[in-house]
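In: generate coordinates for the sequence data below:
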Amino acid sequence: MALIHVCLLLLLSYSACCQAQSRGGPDVGAFLEDPDLEWERMETVIGKENMHTSTTDAEYWRSSSSYGSSSSGVKKLPESVIVTSSKIQKEAFKPEKGSRPLPNSVKEILLVGSSSAKASMKAARPKLIEILCHVDRMYVRVRRELFKTKEAYKDLKLGSCPVNQGTKEHYYFLYLLKSKCGFKKESNVDYLSIGNSLSYKPSTPVVRELPFDIPLQCRFPRFFHSYKVGFLPKLQGGTVFKALQPKSTYTITPQDASGNEITGSKSYNLGDPMFFEAKRASGTAKSGAQRIYVNKCFMTAASDPNSNPKYTVIDNQGCMIDGKVTSQSKFYTGDSTMVQKFSIGAMVFKDSISSSASSQQLYMHCEIAVKNKAPTISSKACNYDMTAKKWKELYGDDSVCTCCESTCSSGSNKASKNLVSSHSWKVDLSAKDEDVDFEPLMKMVEAETFDLEDPDMAEHKDFLNYWEHDY
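Out: The predicted structure is shown next:
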């Protein structure tokens, strides 16, 4: 009976061990009797997978090749090759219809060297540190001859994990990627990388080997043999801006006296009238019962309408307020009420003029609305008559302009309203003050001969009476 109990206990222990090994567990090395055999086994597994991939590619090249004998040996191509930029020939990899032989320069890049030469190099110089990467694990082994201290393995770690196997020649780290060793995953466009570091930090009072910290990385490509399928496009991110409001249906255009648009090659002369035209954009519907109104306009030296400085020329729901400053600023009648033309006396911003500036760039921003033909207090086009000293509406009753001296109501009736900006134009400053460089010639009059009753001075009587008035 006792023998049966012992057999059952051994069977349960073996079953638990097999289950733990089948699960892998965080520490693979704990279940391995010979780490060298496990290392060789994984080398064989990885080698077979690579051979399978190479064979598949070889069959592809044999079947798709249009030249050469099918019985000849198939060249083994590398999975990836690192090439310096000086060797890359873009023309050789340019896509084109049909097929063509590879240039010799490209063959030298793609075809690997002799495997026997690599094997001899491997035998001549054994590696002190080796790494094996597989889908779910990372194996690392370090030659003992690297250390002079017998217990160096105690201070040797893979991330935070210690050596878990050892032989007479190597220290082994046999761990699954899900182990808590500090494996770091990084996702790239072309590959997935799993990284860690192999560190040696002696804890003894004296050291016979210098400490080190070596980064290790396993790369798992996202694609294989890009030369087989063609070219992998490189995706580049960016920012796309989309307007929150629909594009305006109106335009404001700078023009010359003949009605031609002012472009970058043309400019206004300082002091001359600047002409503008406000209208519907091309392709939009027109209505004979409506009229376009310019409620407000202001100029800036920058394209941003919120920038400073700014100068307002039209305000108060269609009052040409700059017309009180210069007679060049006014609205014009036209053949269509859906096109509104006006002019402004050419000006520049004083604070923006430099001694070396030959011109100044300006922008016009206007608030445009479409309403009924009959003008109202909230929709009108009023010019200031300097002679009569009163406001006059362009097409209708002048009474709607009486509020231009105070505040005009915007009205409760909502209409389509837009803030439209023109493209830039320039005001030429090259001739500023150049034609005013002279001294006036004046005839002095003796004080005792100056008489207001003199017939020659009669026309100046009003001027002298109001001499001290401040206008």
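In: all helices of the stretch 151-300 of the chain, in order?
Out: Remark: helices assigned in the stretch 151-300 of the chain by DSSP state H, counting those that start in this stretch are 226-229.
In: which residues of it fall in strands?
Out: 156-158, 161-162, 165-166, 170-176, 184-187, 191-200, 212-221, 250-255, 267-269, 273-280, 290-300 (DSSP state E, counting those that start in this stretch).
In: surely Ser203 touches Lys154?
Out: Yes - between Ser203 and Lys154 there is a contact at 7.4 Å, judged by CB atoms under 8 Å. (Glycine included, C-beta is placed from N, CA and C.)
In: pull the CA atoms of the strand ranked longest in the chain into CSV?
Out: Ranked by residue count and defined by DSSP state E, the top strand of the chain is strand 359-372. The C-alpha trace of strand 359-372 is given here as CSV (Å, rounded to 0.1, in the frame of the first residue of the first chain):
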residue,chain,number,x,y,z
SER,A,359,6.5,100.5,-50.5
GLN,A,360,4.0,99.2,-47.9
GLN,A,361,1.8,96.2,-48.3
LEU,A,362,-1.8,96.5,-47.3
TYR,A,363,-5.0,94.4,-47.0
MET,A,364,-8.7,95.4,-47.1
HIS,A,365,-11.3,93.6,-45.0
CYS,A,366,-15.0,94.3,-45.6
GLU,A,367,-18.2,93.1,-44.0
ILE,A,368,-20.7,92.5,-46.9
ALA,A,369,-24.4,91.8,-46.8
VAL,A,370,-27.2,91.3,-49.3
LYS,A,371,-30.6,92.8,-48.6
ASN,A,372,-33.5,94.4,-50.4
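In: so which elements touch it?
Out: strand 250-255, strand 273-280, strand 290-300, strand 417-421, strand 425-428 (3 or more CB pairs under 8 Å, 6 or more residues apart in numbering; DSSP states H and E).
In: what does the following helix or strand past it contact?
Out: Remark: after strand 359-372, the chain's next helix or strand is strand 382-385, criterion DSSP states H and E. Outside strand 382-385, the residues within contact range by CB atoms under 8 Å, 6 or more residues apart in numbering are 318-321, 323-324, 330-331, 390-394, 400-401, 404.
In: run the last query once more with 6 Å
Out: Here strand 382-385 makes contact (CB atoms under 6 Å, 6 or more residues apart in numbering) with 318-320, 323-324, 330-331, 391-393, 401, 404.
In: got it, and stretch 168-175?
Out: 28-29, 35, 139-143, 153, 158, 161, 163-165, 181.
In: confirm Arg41 sits in a helix?
Out: Yes - under DSSP: H, G, I helix; E, B strand; the rest coil, Arg41 sits within a helix.
In: burial count for it?
Out: When counting by other CB atoms under 10 Å, one arrives at 12 neighbours for Arg41.
In: likewise the one 5 residues further on?
Out: Ile46 sits with 14 neighbouring residues when counted by other CB under 10 Å.
In: from Tyr139, how far off is it?
Out: 10 Å (CB to CB, to the nearest Å).
In: out of the helices and strands packed on strand 359-372, which gets nearest to Glu40?
Out: Proximity to Glu40 (CB to CB) singles out strand 417-421 among the helices and strands packed on strand 359-372, at 75.4 Å.
In: and the angle for the closest one with strand 359-372?
Out: Angle, strand 417-421 to strand 359-372, by axes from the mean of the first three to the mean of the last three CA atoms, to 10 degrees: 160 degrees.
In: offset the numbering so it begins at 425, please.
Out: New numbering, starting at 425: the last item is strand 841-845.
In: buried residues of strand 841-845, list them for me.
Out: 842, 844-845 (16 or more other CB atoms under 10 Å).
In: which among the residues you listed gets closest to Asn620?
Out: Looking across those and measuring by CB to CB, the closest to Asn620 is Ser845, at 58.0 Å.
In: which non-adjacent residue is nearest the closest one?
Out: His789 (4.9 Å; CB to CB, 6 or more residues apart in numbering).
In: can you check Pro799 too?
Out: Nearest non-adjacent residue to Pro799 (CB to CB, 6+ apart): Gly820, at 4.1 Å.
In: low-confidence stretches in this structure?
Out: Across the chain, residues meeting the criterion (pLDDT under 70) sit at 425-456, 475-514, 533-548, 647-659, 666-672, 689, 706-711, 779-780, 836-841, 855-895.
In: how is the chain divided into domains?
Out: Listed domain ranges for the chain are 442-488+501-653, 674-859 (source: automatic domain parsing).
In: next, format the ones you listed as a markdown table and append distance to Gln660.
Out: Output for the domains of the chain, formatted as a markdown table (distance: least, CB to CB, whole Å):
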| stretch | distance to Gln660 |
| --- | --- |
| domain 442-488+501-653 | 11 |
| domain 674-859 | 28 |
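In: out of those domains, which is the most enclosed?
Out: domain 674-859 (a mean of 17; mean count of other CB atoms under 10 Å).
In: which residues are in contact with stretch 813-825?
Out: Contacts of stretch 813-825 (CB under 6 Å, 6+ apart): 755, 757, 799-801, 804-809, 828.
In: and stretch 732-744, by the same measure?
Out: 717-724, 745-746, 753-755, 768, 773, 802, 804-807, 828, 832.
In: at 7 Å instead, please
Out: 717-725, 745-746, 753-755, 766, 768, 773, 775, 801-808, 815, 825, 828, 831-832, 834 (CB atoms under 7 Å, 6 or more residues apart in numbering).
In: swap in stretch 753-767?
Out: 697-704, 710, 715-716, 718, 737, 744, 746-747, 752, 768-769, 797, 805, 807, 818-819.
In: coming back round to it: now do the same contact list for the residue nearest to Ser845.
Out: Here His789 is in contact with 721-722, 724, 729, 843, 845 (CB under 7 Å, 6+ apart).
In: list residues touching both of Ile470 and Tyr563?
Out: With CB under 7 Å, 6+ apart, Ile470 and Tyr563 have common neighbours Leu556.
In: Arg643 against Ser617, yeah?
Out: Yes - the pair Arg643 / Ser617 is scored as a contact, 5.1 Å apart, by CB atoms under 7 Å.
In: how far away is Pro678 from Lys850?
Out: 10 Å.
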